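Engineer: Dropping the sequence and predicted coords here.
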Amino acid sequence: MAQGEAVRAAYDAVAGIYDEFTGNNNYELWFGELLPKLEELGLRQGALLDVACGTGKGIGPMLDRGWTVTACDISPGMIEQAQEKFPEGVKFDVYDMVELPHLGDFDLVWALNDPVNYLVDDGDLERAFASMGANLAPEGLLVFDCNTMKIFREAFGADVEDKRGDLGTWRGLGGFDDIYGAEISSEGIETSVHRERHWPVDVVRAALIAAGLEPLAAIGQREEGAGLVLSPDCDEDRDHKIIHVAKRAAA
């Protein structure tokens with residue numbers, strides 16, 4: 001099965017339990033810390049393209065801040081869940097992030113909560129960045145996050161098992177050649193396997209440049225207690241995520 005089809009199947013399988021399974025994800029806290037950092041890099045409020053939007057957990061906080069939102073995901077099941085939350089006011093479509101059509105010129109295009117790590121094949125980064133970059137307004141920002149080695153060790157290791165009560169179990173499958181796996185199993189749903197690739201910062205930056213984009217920042221993100229810390233530097237062994245920010249390269 002091709003990776004895109006595998007990702008679609010994995011998220012279709014968990015769409016019905018995704019919100020509860022990821023209940024600890026606090027997007028309001030995240031955006032409250034992240035958006036001011038993006039404004040320092042030139043972000044202007046306007047239109048957002050939310051790529052790999054999932055069940056739409058990040059859409060509400062942006063609508064509340066006055067943004068207009070267009071959203072897409074590779075999984076029809078996840079889009080269906082998102083549309084139930086926002087039956088009006090948001091345009092949804094099913095698209096693979098490596099093959100986006102031109103949906104508009106957006107002030108912000110982002111792909112949050114590690115969708116870029118699901119791009120495991122050589123050349124996928126460049127295709128996804130070119131695809132998303134083609135939807136940027138001239139001064140728009142592209143923002144996405146990548147999981148660090150810390151996360152892959154702590155969440156994808158072969159000895160990792162996280163039982164979440166009646167919601168199911170996350171089980172690490174280990175990794176090889178920078179590709180790591182985990183599975184989600186729960187009563188009443190098909191077990192889904194999630195394969196992710198670790199993308200080092202230098203590889204990401206090179207792919208951005210190859211796609212005609214200019215890297216602006218690589219921000220370290222880590223959780224400390226109930227809070228979130230964003231650092232102007234990034235550290236694979238300290239941070240949980242690295243948030244990349246880019247814009248169109250000057251002609």
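Structural biologist: Yep, it's here.

Engineer: all strands of the stretch 151-251 of the chain, in order?
Structural biologist: 161-163, 169-176, 179-185, 192-197, 213-224, 227-231, 241-248 (DSSP state E, counting those that start in this stretch).

Engineer: deepest of those strands, which one?
Structural biologist: Among the strands of the stretch 151-251 of the chain, strand 241-248 has the highest mean neighbour count (mean count of other C-beta atoms under 10 Å), at a mean of 23. Every residue, glycine included, has its C-beta placed from N, CA and C.

Engineer: helices or strands up against it?
Structural biologist: In this structure, strand 241-248 makes packing contacts with helix 124-133, strand 136-147, helix 201-210, strand 213-224, judged by 3 or more C-beta pairs under 8 Å, 6 or more residues apart in numbering; DSSP states H and E.

Engineer: Could you rerun that using 6 Å?
Structural biologist: Helices and strands touching strand 241-248, by 3 or more C-beta pairs under 6 Å, 6 or more residues apart in numbering; DSSP states H and E, are strand 136-147, strand 213-224.

Engineer: Now for the chain, the helix or strand with the poorest mean pLDDT.
Structural biologist: helix 18-21 (a mean of 87; mean pLDDT, DSSP states H and E).

Engineer: contact partners of that one?
Structural biologist: T55, L167 (C-beta atoms under 6 Å, 6 or more residues apart in numbering).

Engineer: downstream neighbour of it in the secondary structure list?
Structural biologist: helix 27-40 (DSSP states H and E).

Engineer: quick one on the thing from earlier: in the least confident helix or strand of the chain, what counts as buried?
Structural biologist: Neighbour-count burial for helix 18-21, counted by 16 or more other C-beta atoms under 10 Å, picks out Y18, F21.

Engineer: same thing with stretch 114-132?
Structural biologist: Those would be 114-120, 124-132, for stretch 114-132 by 16+ other C-beta under 10 Å.
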